[in-house]
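**Student:** fold the following and give me the result.
(one chain, ligands or ions: 1)
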Amino acid sequence: MDLPPITDDLDEACGHLREFGFCRIGDALDAAEVSEAKERLLRQAEGERALGIAHRDGLPQGTGGNAPGPNQRIANLVNKGEIFRRIVMKDLTRTMMTRVLGDGCLLSSFTANITGPGGQAMRLHTDQGYAPPDSPWPLVANMAFMLNDFTEENGATRVVPRSHLSGRRPDPDARSVAGTGPAGTVLVFDGRTWHGTGANTTRDGHRLGLLAYHCRGFVRQQENFALSLAPEVYERAPDDLLRVLGFSVFGSLGGVRAAGHGTRGAVVRRPTRFVTELG
Ligand SMILES: O=C(O)CCC(=O)C(=O)O
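**Tutor:** All right, here's what the predicted structure looks like:
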């Protein structure tokens, strides 16, 4: 077996993750959440295109110039809708990521990838390519939430079964399987698993995926939330969210010592006074 079945049993899902390097959890988002997130995402994507700031990719490799690709990426969803912040803080998200990455794990980035007709397959890679490939455990893990059905044809994320245990860098020609599933499913994959966006071979279909990329508490995040979180989101963010975004202490890391914020798990804030040159 290369594609473990979709399950809603988290123990079973964790077993799949250990054996295959990925698992699929059904009904991770309910119908109302799917519909709200999908509507928000499509409006955001349209808004970024209208402003001329859309990030487009998915063109064949080596295609030069600034031609817009058929796929659209949307960055930093934490700033772009309450539904996205809710998905980050869902019990399922926190429970799964804590089981895989330990207490104090962080959101590394939260983005969307909308594949469009003609979108090319992404080169197989791992999400912890900056670390030695033979790491005995994942430093990071990803949750790809499906806002519509992920199919072979519309670019479901490709994953290489058991590649997380290979101890090698990805072989771009390895045989992969499509992590398909109905809307609401989440594909969870270990940071060592070889994977990439699938090719979209449809005539007019899009694939709507949210990528909630997480890391252990001592790993540097992909998104620098301390700089990029919008002030109005920061002001209203509950401590639990701030903690997951990295405004928090992990062991002896991440504190703002001058302000006395050094306690494990404490939320840290920008000091109002600074100790500078004395004497
Ligand atoms: O969109 C996907 O299916 C996966 C995207 C991915 O692998 C990446 O952005 O690194």
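**Student:** pull the CA atoms of stretch 170-179 into CSV?
**Tutor:** Output in CSV follows, covering the C-alpha atoms of stretch 170-179 (Å, rounded to 0.1, in the frame of the first residue of the first chain):
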residue,chain,number,x,y,z
PRO,A,170,15.0,14.2,-2.9
ASP,A,171,15.4,12.4,-6.1
PRO,A,172,13.4,14.6,-8.6
ASP,A,173,12.4,11.6,-10.6
ALA,A,174,11.1,9.5,-7.7
ARG,A,175,7.7,7.9,-8.0
SER,A,176,5.1,9.9,-6.1
VAL,A,177,1.4,9.5,-5.3
ALA,A,178,-1.3,12.1,-5.4
GLY,A,179,-2.5,13.1,-1.9
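**Student:** tell me the mean pLDDT over that stretch?
**Tutor:** In this model, stretch 170-179 has a mean pLDDT of 97.
**Student:** so does that stretch get close to the ligand?
**Tutor:** No. Using C-beta under 6 Å from any ligand atom, stretch 170-179 stays clear of the ligand, with a minimum separation of 7.8 Å. All C-beta atoms are positioned from the backbone trio N, CA, C, and that covers glycine.
**Student:** what residues sit buried inside that stretch?
**Tutor:** Pro170, Ser176, Val177, Ala178, Gly179 (16 or more other C-beta atoms under 10 Å).
**Student:** now it: how far from the chain's centre is it?
**Tutor:** 19 Å (C-alpha atoms, centre = their mean, to the nearest Å).
**Student:** go on, stretch 200-210?
**Tutor:** Its chain's C-alpha centre and that of stretch 200-210 lie 18 Å apart, by C-alpha atoms, centre = their mean.
**Student:** ok, stretch 159-170 next?
**Tutor:** Using C-alpha atoms, centre = their mean, the offset of stretch 159-170 from its chain centre is 19 Å.
**Student:** first vs last residue of it, how far apart are they?
**Tutor:** End-to-end span of stretch 159-170 (C-alpha to C-alpha, to the nearest Å): 11 Å.
**Student:** and Gly209, what are its bridge partners?
**Tutor:** Beta-bridge pairing of Gly209 under DSSP bridges involves Asn113, Met146.
**Student:** going forward, begin numbering at 694 instead of 1
**Tutor:** OK, 694 is where the count begins now, so the last one is Gly902.
**Student:** quick one: contacts for it?
**Tutor:** Gly902 sits next to Ala805, Asn806, Ile807, Thr808, Ala837, Phe838, Met839, Leu840, Phe843, Thr850 when contact means C-beta atoms under 8 Å, 6 or more residues apart in numbering.
**Student:** how about the nearest residue to the third one, chain neighbours excluded?
**Tutor:** What that stands for is Ile807. With C-beta to C-beta, 6 or more residues apart in numbering as the criterion, Ile807 has its nearest non-adjacent residue at 4.7 Å, and that residue is Gln765.
**Student:** now the helices: where do they sit in the stretch 794-943 of the chain?
**Tutor:** Ranges of helices in the stretch 794-943 of the chain, per DSSP state H, counting those that start in this stretch, are 918-921, 924-929, 932-937.
**Student:** what about the second one, average pLDDT?
**Tutor:** In this case it means helix 924-929. pLDDT averaged over helix 924-929 gives 97.
**Student:** quick one: distance of the helix or strand where the residue nearest to Ile807 lies to the chain centre.
**Tutor:** Taking DSSP states H and E as the definition, one finds Gln765 inside strand 764-767. The chain centre lies 14 Å from the centre of strand 764-767; the measure is C-alpha atoms, centre = their mean.
**Student:** shaky segments in the stretch 744-893 of the chain?
**Tutor:** Where the stretch 744-893 of the chain drops to pLDDT under 70, the residues are 755-759.
**Student:** return the alpha-carbon coordinates of stretch 832-849 using PDB.
**Tutor:** Provided in PDB are the C-alpha atoms of stretch 832-849 (Å, rounded to 0.1, in the frame of the first residue of the first chain):
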ATOM      1  CA  LEU A 832      11.900  19.500  12.400                       C
ATOM      2  CA  VAL A 833       8.900  20.800  10.600                       C
ATOM      3  CA  ALA A 834       5.600  19.500   9.300                       C
ATOM      4  CA  ASN A 835       2.900  20.800   7.000                       C
ATOM      5  CA  MET A 836      -0.900  20.600   6.900                       C
ATOM      6  CA  ALA A 837      -2.500  21.100   3.400                       C
ATOM      7  CA  PHE A 838      -6.100  21.900   4.000                       C
ATOM      8  CA  MET A 839      -8.300  21.100   0.900                       C
ATOM      9  CA  LEU A 840     -10.900  23.800   0.200                       C
ATOM     10  CA  ASN A 841     -12.100  21.900  -2.800                       C
ATOM     11  CA  ASP A 842     -11.600  18.300  -3.900                       C
ATOM     12  CA  PHE A 843      -7.900  17.500  -4.500                       C
ATOM     13  CA  THR A 844      -7.600  15.200  -7.500                       C
ATOM     14  CA  GLU A 845      -4.900  13.800  -9.700                       C
ATOM     15  CA  GLU A 846      -6.000  16.200 -12.500                       C
ATOM     16  CA  ASN A 847      -6.200  19.400 -10.600                       C
ATOM     17  CA  GLY A 848      -2.800  19.200  -8.900                       C
ATOM     18  CA  ALA A 849      -3.200  17.400  -5.600                       C
END
